[in-house]
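> give me a model of this one.
(chains A and B)
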Amino acid sequence: MSTSVMRAQHLDVSIDSKLGKHAFIPGSTCAVAGDTIQCTALRLYLGSFMLLNEGDTIMRWPFFYFLIDFSDPSTTVFQLPDLPDIDFDEVSFLIGVDSSLQVDGPHGGVLDPAEGMYWTWQNGYIDVKVEGTASLSTDIKEEFAWHLGGYQGPLNASVRCVLPCSKKRLHLTIDWFHLFHAMDMKTQHHVMSPSAATVQAMEALKSGITAR
Amino acid sequence: MKIKTAIACVVVSIVLMAFAEKGGSLFHVPAGWPVPHYDFAKNKLTQEKVDLGRLLFYDPILSRDSTISCESCHSRFVAFTHVDHALSHGINDRIGKRNAPALMNLAWQRSFMWDGAINHLDMQALAPITNALEMDEQLPNVLEKLRTQSRYRFMFERAYGDTTISTEGMLRAISSFMVTLVSSNSKYDQVKRGEANFTRQEENGYALFLMHCNACHTEPLFTNGEFSRNGLAQDAVLQDLGRFAVTLQPEDSFLFKVPTLRNIAYSKPYMHDGRMKRLSDVLKHYASLHGQGVHMNNTLDQLPSFSSEQQVDITSFLLTLSDSTFVMNPAFSYPREIIASLTKESN
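Got it, this is the predicted structure:
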């Protein structure tokens, strides 16, 4: 038996979304913390995955990006290829798009600006898009739309998540409660450009992501 | 059907090749100029891409109701700006917020728009296409419309080897055309090459220019590519904060990109909001800043109060930056010959 023949292995990633105790996807309505939130769009980029062992990076996929669209379940499961047969204890990934990929011209695939996750009037990817209605929103139609992004200097919004992971199957749960808690529906029902507040919001979102 | 297409392709290729021959080399760096910023390794320049880009540049299909093309606000005969318009009007005569910049020597430009909001030439076209005051269109719609036209399927295949019409392909083609817009044959350039001489007045103006203007409008591109104050009071209606809108850094308030002065005689009106109709108005404005201090940057603070003779001399030098071979270049004109050959192809 030849030891040089290795079976192609990969890291299977799946993601689900909730708001507090409720499942949270476009179409769902959740009552949480005195607000009633109806979601109409929920999309985010994940990418630049890495595996670590005892703090050392042992595998990187710097150019693999995934556009998670919770209205399309097929986008909530994906694979990272060419996984080496090696021990690891943590996974690291970016919520959003790395700044280096935002200054070198157009990209195809999920990073195609036609995907609707790109600002054309001021270059940069929208890392996270959350839209819907909220009973606490002071918008005239009780709507809210958060387009979180920005790549330049102190306005760089993408955040790196590091979570425990030692198996070839990674399940991520995003609890949007942390983001909703960080945002004020009265003053921030529409966010459409980079800002320091967006950077904080992304940090809050990060704290709502867990792995098992 | 296939044979007919093949014959048509040959005819089109011959027509286009003949044109390419006439056009000569697509891009070159004039002697003494810096290395271009644009990464040609990522977008190899070919006649096929330039042709496609030129077709797109002149095609109103990019706008929501097919009324506005890039050329609408960037006309060749005025160095690719909007003649006589302080602020350009887009779809349904909606008025924009800034003066359309003249387009030239874009391969040397690091950022785009008056506030540098666009970080790469390839991404620039997306801004006017989607801006509600300009073309007011959605990118997926543009791609869809292009895909329905056999001429674009043909031109994309010719440029990229397959009929897929993608964002990347479209943007890189538009850039390909735009980087060919090199202006380097003004009287100033001819003087530098030893082919012409300045008049005494131009010579005086050039000396004053080097002393007082060249720090920002640095030759040979006549811009340093940086952002700077221009000493103008903010327009109360437009309330334009300049680069601050991009960086949110207070020190960037009222900073605007230093525009090139090449072909300045063609590209009136002037300044980011087009408030000045004549070059002499601009010279008067800068002369008036002398001694004002605090509101300005260091370079503007040090400007002398140019005498009217000095202003005339500087203006006469600025007129030597006009490049008539650039604005008359048929390779940059409405792509009549490409469209004619494509129409033949589709019959």
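
> do a quick rundown of the helices in the stretch 51-200 of chain B.
With DSSP state H, counting those that start in this stretch as the criterion, the stretch 51-200 of chain B has helices at B:70-73, B:121-124, B:126-130, B:139-147, B:150-160, B:167-179, B:187-192, B:200-212.

> before we move on, what about the stretch 201-347 of chain B?
Counting by DSSP H, counting those that start in this stretch, the stretch 201-347 of chain B has these helices, from start to end: B:244-247, B:279-288, B:298-301, B:308-319, B:324-327, B:336-346.

> what pairs with the biggest strand by length in chain A, parallel or antiparallel?
Across chain A, the strand with the greatest residue count (assigned by DSSP state E) is strand A:35-53. The pairing partners recorded for strand A:35-53 under DSSP bridges are strand A:29-32 (antiparallel), strand A:56-69 (antiparallel), strand A:90-95 (antiparallel), strand A:124-134 (antiparallel).

> sorry, back to before: figure out which of the helices of the stretch 201-347 of chain B is closest to chain A.
With CB to the nearest CB, the closest approach to chain A among those belongs to helix B:244-247: 5.9 Å. For the C-beta atoms, the positions are set from N, CA and C on the backbone; glycine is no exception.

> and for the closest one, what's in contact with it?
For helix B:244-247, the external contacting residues (CB atoms under 8 Å, 6 or more residues apart in numbering or on different chains) are A:122, A:152, A:153, A:155, B:115, B:116, B:117, B:250, B:252, B:253, B:254, B:255.

> CA atoms of it as CSV?
Output of helix B:244-247 as CSV, limited to C-alpha atoms (Å, rounded to 0.1, in the frame of the first residue of the first chain):
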residue,chain,number,x,y,z
PHE,B,244,-13.1,64.5,4.3
ALA,B,245,-16.1,62.7,2.9
VAL,B,246,-13.8,59.7,2.1
THR,B,247,-11.5,59.6,5.0
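
> and that helix, what's buried?
Using 16 or more other CB atoms under 10 Å in any protein chain shown as the test for burial, helix B:244-247 gives B:244, B:245, B:246, B:247.

> any idea how far it is from the middle of the chain?
22 Å (CA atoms, centre = their mean, to the nearest Å).

> within range of chain A, give me the residues from the stretch 151-300 of chain B.
Contact residues, the stretch 151-300 of chain B versus chain A (CB under 8 Å from any CB of the partner chain): B:166, B:167, B:168, B:171, B:172, B:245, B:246, B:247, B:248.

> which ones are touching the first one?
For residue B:166, the contact set (CB under 8 Å, 6+ apart) comprises A:108, A:112, B:143.

> and the first one, how far from residue B:172?
Computed with CB to CB, to the nearest Å, the distance linking residue A:108 and residue B:172 is 11 Å.

> more neighbours: these two, which one.
Here residue A:108 and residue B:172 are compared on neighbour count by other CB atoms under 10 Å in any protein chain shown; more neighbours surround residue B:172, at 23 against 13.

> residue contacts, that one?
A:105, A:106, B:43, B:49, B:122.

> repeat for residue B:217
Residue B:217 neighbours (CB under 8 Å, 6+ apart): B:209, B:223, B:224, B:258, B:260, B:261.

> can you tell me which of those lies nearest to residue A:33?
Of all the contacts of residue B:217, residue A:33 sits closest to residue B:258, with 50.1 Å by CB to CB.

> wait, that closest one sits on residue B:221?
No: using CB atoms under 8 Å, residue B:258 is not in contact with residue B:221; the gap is 9.9 Å.

> which non-adjacent residue is nearest the spatially most central residue of chain B?
With distances taken as CA atoms, centre = their mean, the residue of chain B nearest its centroid is residue B:103 (1.2 Å). In space, and not counting its chain neighbours, residue B:103 is closest to residue B:80: 3.6 Å by CB to CB, 6 or more residues apart in numbering or on different chains.

> what about the one you found, how many neighbours?
Neighbours of residue B:80 using other CB under 10 Å come to 27.

> how about the contacts made by it?
Shown in contact with residue B:80 (CB under 8 Å, 6+ apart): B:74, B:102, B:103, B:104, B:181.

> try it again at 10 Å.
B:57, B:70-71, B:73-74, B:100-104, B:106, B:178, B:181, B:183, B:263, B:266-267, B:326-327, B:332 (CB atoms under 10 Å, 6 or more residues apart in numbering or on different chains).

> and what of residue A:172?
Counting by CB under 10 Å, 6+ apart, residue A:172 touches A:13-17, A:46, A:68, A:76, A:91, A:93, A:161, A:163, A:165, A:209-212.

> can you tell me which of those residues are buried?
Neighbour-count burial (16+ other CB under 10 Å) is assigned, among those, to A:13, A:15, A:17, A:46, A:68, A:76, A:91, A:93, A:161, A:165, A:209, A:211.

> ok, so of those, who is nearest residue B:313?
Set against residue B:313, the nearest of the buried ones among the contacts of residue A:172 by CB to CB is residue A:46 (60.8 Å).

> which residues of chain A lie near chain B?
Contact residues, chain A versus chain B (CB under 10 Å from any CB of the partner chain): A:102-109, A:111-116, A:118-124, A:150-155, A:193-196.

> tell me the buried residues in stretch A:187-200?
Neighbour counts over stretch A:187-200 (16+ other CB under 10 Å) mark A:188, A:189, A:191, A:193, A:194, A:195, A:198, A:199 as buried.

> my read is that the residue nearest to the centre of chain B contacts residue B:181, right?
Yes: if you go by CB atoms under 10 Å, residue B:103 and residue B:181 touch, sitting 5.6 Å apart.

> what do these two both touch?
Common neighbours of residue B:103 and residue B:181 (CB under 10 Å, 6+ apart) are B:57, B:74, B:76, B:79, B:80, B:332.

> tell me the mean pLDDT for stretch A:194-210?
The predicted model gives stretch A:194-210 an average pLDDT of 97.

> mind exporting that stretch as CSV, just the C-alpha atoms?
Output of stretch A:194-210 as CSV, limited to C-alpha atoms (Å, rounded to 0.1, in the frame of the first residue of the first chain):
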residue,chain,number,x,y,z
PRO,A,194,-17.6,53.6,6.4
SER,A,195,-17.3,55.1,9.9
ALA,A,196,-15.8,54.5,13.3
ALA,A,197,-19.3,53.3,14.5
THR,A,198,-19.2,50.7,11.8
VAL,A,199,-15.8,49.4,13.0
GLN,A,200,-17.4,49.0,16.5
ALA,A,201,-20.4,47.3,15.1
MET,A,202,-18.2,44.8,13.3
GLU,A,203,-16.4,44.1,16.6
ALA,A,204,-19.8,43.5,18.2
LEU,A,205,-20.9,41.1,15.4
LYS,A,206,-17.6,39.2,15.9
SER,A,207,-18.4,38.6,19.5
GLY,A,208,-21.6,36.9,18.5
ILE,A,209,-20.0,34.2,16.4
THR,A,210,-19.4,30.8,18.0
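
> having no further points to raise, I will conclude here.
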